[in-house]
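Trainee: my questions are about this predicted structure, shown below with the sequence.
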Amino acid sequence: MNVNHHYTETLSTSRFVCTLSRMSRLQDQDPDIAQLVLDETRRQEDGLTLIPSENHTSGAVLEALATVFTDKYAEGYPGRRYYAGNEVADRLETLVVERAKTLFGVPYVNVQPYSGSPANFAVYLATIDPGDAFMGLDLLSGGHLTHGWKASATAKLWKSVPYRLTADGRFDFEHMMKLAREHRPKLIWCGGTALPRTIPWAEFAKVADAVGAYLVADISHIAGLIAGGAHESPMPYVHVTTTTTHKTLRGPRGAMIMVTQKGLDKDADLPSKIDKAIIPGFQGGPHLNTVAGIGVALHEAMQPGFKDYAARIVENAHALADALTEAGFTLVSGGTDNHLILMDLSPTGIGRGMLFHSGLERMGLYANKNAVPNDQSSPFYPSGLRLGTPAATTRGMTTADMKQVASWIAQFAEHVKDIQVPADKAERQRILKAFDRSLITDPFYETLRGEVRNLCRRYPIPASQ
Ligand SMILES: Cc1ncc(COP(=O)(O)O)c(C=O)c1O
């Protein structure tokens, strides 16, 4: 066994130790993979995840994932499986579905989608025919690939009519209504990946109801906030809701599809259409170990402390947004109502999102480059940076820590204030290569990385939540 144990000295109560103590067989049998698991655990412990779609699951969720449920095929649904030996699987899936129904207040849930993208695909299959028109938020305005981005199969198989945000990051419902009346979409998506403001479900419902379209909320980002009472629930307004389970909801990588009472009133067969769209339409057997992990996460979300977690996510995001604004940064929409902040870096030059993404990564602050509404730069070199507070909040970080994070970002911005990212390809490559070299040679980065690590070691990733 040649796994490197020295990290344990400083992280005695953390997830690292739990990981280490769980892995004795893996370390003996496959030390290469064991070492990679430990290296990734250390990377997560010693750096700060500010990517709003990431989080740290509990030890209980991780334990549920690493169980014998991974060995079992269970194509079909409880009581009607294609394979023998599913009496326990049936009890598991039924329990998890009931928990989801209770938590989100809906009459039907499917917990089998492998992840968010397959869940969204299944909704198309269940609700509209190939070639039918649908509307979704444009990727460059913060929509997801599966909401109709041109490179996604969703835009190849169905007719995508994207709607966009205004330049100040707001929904334009008048324009949306015009588009809907012109194109008569059968399905309208609301929700997205880079939306810092509350989503006004009722306004979307007016548009969808005016043209008789299915309204589907993709709450992947904010499911935990909704479950914790920190964002209004879409359930009274939409027909269907999809969500990943691994973002603010803090479960394993997976997804759920929910049908609301309004959805049942529109089409009583919607649940069975969605069941059929998942299997046999789009997937095979469910990943039962993931279903078990989702069940654990739902149970955690039903505990009183989850409300506090959801409120603290938003509190931390406000603190980070305020501190960034005080430091002179521009934020899309001027701030945030939820877990997410979108910095518009274009006042200091377009296309600089990449610089911040790589520079902060070197310091141990993990955020991601992102387009801003009406971005004048290409999607690969966008002008924004997307930040979020779910993972920091899970670690127990506070508003004071968010001020420190903003100060590090400001120090970095000052450090690179003279670097521009030109539109010319060759010149851009030259400048970015020089920048990448400086990440290794410039002592500024190692110093800041040490400061970030010191903060992170005060907040080990908890083994339980
Ligand atoms: C709003 C939204 N929907 C769907 C997805 C897709 O989820 P997955 O990556 O699990 O396929 C994401 C992931 O980022 C998302 O943000």
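Mentor: Sure, I can see it. Numbering: from 1, shown residues only.

Trainee: when you work out contacts or count neighbours from here on, use the C-alpha atoms and nothing else.
Mentor: OK.

Trainee: pull out the buried residues from stretch 307-326.
Mentor: Buried residues in stretch 307-326, counting neighbours by 16 or more other Cα atoms under 10 Å, are found at 307, 309-325.

Trainee: same question but for stretch 146-162, I mixed them up
Mentor: 146, 147, 148, 149, 150, 154, 155, 158, 159, 160, 161, 162.

Trainee: for these, which one is nearest the ligand?
Mentor: Nearest to the ligand among those, counting by Cα to the nearest ligand atom, is residue 146 at 6.8 Å.

Trainee: so for this protein, the centremost residue is which one?
Mentor: Nearest to the geometric centre of the chain sits residue 53, at 2.6 Å (Cα atoms, centre = their mean).

Trainee: ok, it - contacts?
Mentor: By Cα atoms under 8 Å, 6 or more residues apart in numbering, the contact set of residue 53 is 221, 246, 247, 248, 388.

Trainee: go with 10 Å
Mentor: Residues in contact with residue 53 (Cα atoms under 10 Å, 6 or more residues apart in numbering) are 193-194, 220-222, 244, 246-250, 339-340, 386-391.

Trainee: same thing with residue 86?
Mentor: 72, 73, 74, 75, 77, 78, 79, 80, 92.

Trainee: surely the fourth one meets residue 81?
Mentor: It stands for residue 75. Yes: between residue 75 and residue 81 there is a contact under Cα atoms under 10 Å: 5.6 Å.

Trainee: on that earlier part again, in strands only, show me the contacts of residue 86.
Mentor: Those of those mapping onto strands are 77, 80, per DSSP state E.

Trainee: reformat the contacts of residue 86 as CSV; add distance to the ligand and pLDDT.
Mentor: As requested, these are exported to CSV (distance: Cα to the nearest ligand atom, whole Å; pLDDT from 0 to 100):
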residue, distance to the ligand, pLDDT
72, 22, 98
73, 21, 98
74, 21, 98
75, 20, 98
77, 22, 98
78, 24, 98
79, 28, 97
80, 27, 97
92, 22, 98
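
Trainee: in CSV: the contacts of residue 86, plus neighbour count.
Mentor: Converted to CSV, the contacts of residue 86 look like this (neighbours: other Cα atoms under 10 Å):
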residue, neighbour count
72, 17
73, 19
74, 24
75, 19
77, 19
78, 16
79, 12
80, 11
92, 18
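
Trainee: now the contacts of residue 86 in JSON lines, with distance to residue 238?
Mentor: What follows is those, written out as JSON lines (distance: Cα to Cα, whole Å):
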{"residue": "72", "distance to residue 238": "34"}
{"residue": "73", "distance to residue 238": "33"}
{"residue": "74", "distance to residue 238": "30"}
{"residue": "75", "distance to residue 238": "29"}
{"residue": "77", "distance to residue 238": "25"}
{"residue": "78", "distance to residue 238": "27"}
{"residue": "79", "distance to residue 238": "29"}
{"residue": "80", "distance to residue 238": "29"}
{"residue": "92", "distance to residue 238": "28"}
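
Trainee: and the strands in the stretch 101-250 of the chain?
Mentor: Remark: strands assigned in the stretch 101-250 of the chain by DSSP state E, counting those that start in this stretch are 108-110, 133-137, 159-163, 187-190, 214-218, 240-244.

Trainee: partners of the fifth one, with directions?
Mentor: So that's strand 214-218. Sheet pairing here is set by DSSP bridges, and for strand 214-218 it gives strand 187-190 (parallel), strand 240-244 (parallel).

Trainee: just want the angle from it to strand 133-137.
Mentor: 30 degrees (axes from the mean of the first three to the mean of the last three Cα atoms, to 10 degrees).

Trainee: flag every residue of the stretch 101-250 of the chain that's near the ligand.
Mentor: Applying Cα under 6 Å from any ligand atom, one finds that the stretch 101-250 of the chain approaches the ligand through 115, 116, 117, 144, 192, 193, 218, 220, 221, 244.

Trainee: so the third one sits against residue 245, correct?
Mentor: I take that to be residue 117. No: at 12.0 Å, residue 117 does not count as touching residue 245 under the criterion of Cα under 10 Å.

Trainee: please identify which of the two sits among more neighbours.
Mentor: With neighbours defined as other Cα atoms under 10 Å, residue 117 and residue 245 compare such that residue 245 has more, 27 against 18.

Trainee: if we can go back for a sec, which of the residues of the stretch 101-250 of the chain next to the ligand fall in helices?
Mentor: Counting by DSSP state H, these place 116, 117 in helices.

Trainee: need the residues of the stretch 101-250 of the chain next to the ligand in CSV with pLDDT, can you?
Mentor: Listed next are those as CSV, based on pLDDT from 0 to 100:
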residue, pLDDT
115, 98
116, 98
117, 98
144, 97
192, 97
193, 96
218, 98
220, 98
221, 98
244, 98
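
Trainee: most neighbours, which of the residues of the stretch 101-250 of the chain next to the ligand?
Mentor: Most surrounded of these: other Cα under 10 Å gives residue 244, at 29 neighbours.

Trainee: buried ones in whichever helix or strand residue 410 is part of?
Mentor: Element membership of residue 410, judged by DSSP states H and E, is helix 399-415. Residues of helix 399-415 classed as buried by neighbour count (16+ other Cα under 10 Å): 399, 401-410, 412-413.

Trainee: contact partners for residue 329?
Mentor: 321-323, 343-348, 406, 409-410, 413.

Trainee: kindly list the longest helix within this protein.
Mentor: Longest helix in the chain, counting by DSSP H: helix 305-326.

Trainee: and it, what other elements does it pack with?
Mentor: helix 223-227, helix 288-301, strand 330-331, strand 340-344, strand 384-388, helix 390-394, helix 399-415 (3 or more Cα pairs under 10 Å, 6 or more residues apart in numbering; DSSP states H and E).

Trainee: what about 6 Å?
Mentor: Contacting helix 305-326 under the criterion 3 or more Cα pairs under 6 Å, 6 or more residues apart in numbering; DSSP states H and E are the following elements: helix 399-415.

Trainee: off-centre distance for the helix it packs on?
Mentor: Its chain's C-alpha centre and that of helix 399-415 lie 23 Å apart, by Cα atoms, centre = their mean, to the nearest Å.

Trainee: any idea of the mean pLDDT for it?
Mentor: Per-residue pLDDT over helix 399-415 has a mean of 98.

Trainee: likewise stretch 281-291?
Mentor: For stretch 281-291, the per-residue pLDDT averages 97.

Trainee: so is that stretch next to the ligand?
Mentor: No: figure legend: stretch 281-291 not in contact with the ligand (Cα under 6 Å from any ligand atom); closest approach 12.5 Å.

Trainee: so what's the residue count around residue 259?
Mentor: Neighbours of residue 259 (other Cα under 10 Å): 24.
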